[in-house]
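S.K.: Whatever this is, show me its structure:
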Amino acid sequence: MGLLTAAAAAYASLAAWLWLTLAQGMFWRTDVRLPPRTAPTRWPSVAIVVPARDEAEVLPRSLPSLIAQDYPGEAEVILVDDGSTDGTGALALRLARERPGLPLTVSSPGDPAPGWTGKLWALRHGIALARTAHATEPDYLLLTDADIAHEPDSLRELVAAATSADLDLVSQMARLRAVSFWERLIVPAFVYFFAQLYPFRRVNRPAARTAAAAGGCVLLRTDAAVRAGVPDSIRQAVIDDVSLARAVQRSGGRIWLGLAERVDSVRPYPSLGDLWRMISRSAYAQLRHQPLLLAGTVAGLVLVYLVPPAALLAGLAAGRPALAWAGGLAWLLMAATYLPMLRYYWQPAALAPLLPLTALLYLLMTVDSAVQHYRRRGAAWKGRTYARPSDA
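M.R.: Now for the predicted structure:
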C-alpha cells in the first residue's frame, strides 16, 4: 500500500511539473526585460519617492544612484523618513550635499494613521508632496525602496518603455544580492517562486487577469495612481506591490512586470535568520491569513518539490524502476526550469538539484509566518506589527 501511494504521488508530481513547464506562462524563462522603446519627443516630469525607515546602512549605496540619474526631463527625489531612529534623514541630506545631481527633499509623515502600513503611509505622504510642491503635478512617480540602487540610465529607460508602450505601470524585479551561502541558496528561488505564482508573460498581456508588481522599482503614471485611488485604496496591504498592480489594473490601467538588468538591491541578508524574517513576515499575508490556503500550500509544496527526490530514492531502494523514473523525471524538470534563474543570478548550475531543500525551507518559513500571526507577532518589520485587514 505504501509503494502504491508513493507511486501515485510521484505520478501526480510528474504531471504537475509537466503542466508547470508547458502551461504556466513559461514562468521559468528569464528573458522578460523592458519592452522595446524609443525616446519620447518630450521627456515627462518624474518625482522619485523613496520611503525609508532606519536605512542608514544601505543609503550610501542607493541614494547617490538616484541623485545621479541621467534624465533629460525634469525630475526630483523625495525621501520620506518614516520614523527612523538611525539618522536616515540627516544622512540623506548629507549625501545630497556631497553629490551634485537631482534635487532632494527629505520629509517625515509622522506615525501611520490607524489601518495604514508604514510604507504605504510614507508613500502617501511622498506622493502628496510630489503632487503639490510645484505648479504642475509630475507626469510619473517612481516608487523605489531605499535599498535599491539604479544605474544612471535607469529612469530614462523606464520612462521610455512606459511612453513607447503606453503603459500606466512599469515595474522591474530588482536583482537581489546573492553573495553569502544562504543568499545563494534562497534568493534566486525567491524570484523563481514569485514568477511561478505570477508569470511575467501573463501579467504583461493587455487583457490579463493576473496582476503583480515588484515594489522595489515601480514607475507609475500619476493620473493612473489618482484613478486607482492609490495608495489609499490599498492602505492595509502588507504585500503592497501586488495590491498596487491589481488596483491599477482594475481601474483600467495597463501594467508591465519584468526582470531588471540595471536595478539592484544592496540590502545584505548574510544569515539564514535574516532571510527567514524577510520571507516569513509576509508569507501568511500572501495566503490572506486563511488556514485552508495554508494547508493547501503546504500540501502543494510537498507534492511538487519534496515528492520527486523522495520517490527517486524510494524507487531505487525498493527496486521499483517506474517509481524511480517518475520521481527522477519530475526532479529533472524542476532543476531544468530553475537553471535560467540561477544563470540570471550568476550562480552555479550545481545549485539546481538543491531546489527541494530550498522549498522545504520556504515551507517552514510559511508555517512559521502563520504561527507568528496567531501569536499576534505576524507581519512584523522594523519594530512594527500589522494586523490583518479585518482586525485593523
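S.K.: so after the helix or strand where residue 97 lies, what's the next helix or strand?
M.R.: Applying DSSP states H and E as the criterion places residue 97 in helix 88-98. Using DSSP H and E, the helix or strand that follows helix 88-98 towards the C-terminus is strand 104-107.
S.K.: Okay, now the sheet partners of that next one, with direction.
M.R.: Take DSSP bridges as the rule and strand 104-107 pairs in its sheet with strand 75-81 (parallel).
S.K.: Please name the residues that touch residue 41.
M.R.: Remark: with contacts taken as CB atoms under 8 Å, 6 or more residues apart in numbering, residue 41 is in contact with nothing. All C-beta atoms are positioned from the backbone trio N, CA, C, and that covers glycine.
S.K.: please renumber so the chain begins at 768
M.R.: From this message on, residue numbering opens at 768, which makes the last subject residue 808.
S.K.: Against residue 930, how distant is it?
M.R.: Residue 808 sits 9 Å away from residue 930, taking CB to CB, to the nearest Å as the criterion.
S.K.: now residue 867
M.R.: Taking CB to CB as the criterion, residue 867 is separated from residue 930 by 27 Å.
S.K.: The two: who's more crowded?
M.R.: When neighbours are counted by other CB atoms under 10 Å, residue 867 and residue 930 differ, and residue 930 comes out ahead with 21 against 8.
S.K.: so what's that one up against?
M.R.: By CB under 8 Å, 6+ apart, the contact list for residue 930 reads 804, 807, 811.
S.K.: Show the pLDDT at residue 1144.
M.R.: Residue 1144 is assigned a pLDDT of 68 by the prediction.
S.K.: Next: residue 902.
M.R.: Taken from the predicted model, the pLDDT recorded for residue 902 is 89.
S.K.: count of neighbours near it?
M.R.: Taking other CB under 10 Å as the neighbour definition, residue 902 ends up with a count of 5.
S.K.: And residue 994, by the same measure?
M.R.: The tally of other residues near residue 994 (other CB under 10 Å) stands at 16.
S.K.: Isn't it up against residue 1018?
M.R.: Yes - in this structure, residue 994 is within contact of residue 1018 by CB atoms under 8 Å, at 4.7 Å.
S.K.: Please enumerate the helices of the stretch 918-1067 of the chain.
M.R.: Secondary structure of the stretch 918-1067 of the chain (DSSP state H, counting those that start in this stretch): helices at 921-932, 948-964, 967-970, 989-995, 1007-1017, 1039-1053, 1058-1068.
S.K.: What are the contacting residues of stretch 1116-1134?
M.R.: Residues lying outside stretch 1116-1134 but in contact with it, judged by CB under 8 Å, 6+ apart, are 951-953, 955-956, 959-960, 1039, 1043, 1046-1047, 1050-1051, 1054, 1061, 1064-1065, 1068-1069, 1071-1073, 1075-1076, 1098, 1101-1103, 1105-1106, 1109.
S.K.: Can you say which of the residues you listed are buried?
M.R.: Members of the contacts of stretch 1116-1134 that pass the buried threshold by neighbour count (16 or more other CB atoms under 10 Å) are listed as 951-953, 955-956, 959-960, 1039, 1043, 1046-1047, 1050-1051, 1054, 1061, 1064, 1068-1069, 1071-1073, 1075-1076, 1098, 1101-1102, 1105, 1109.
S.K.: max-length helix in this structure?
M.R.: Ranked by residue count, the top helix of the chain under DSSP state H comes out as helix 1088-1111.
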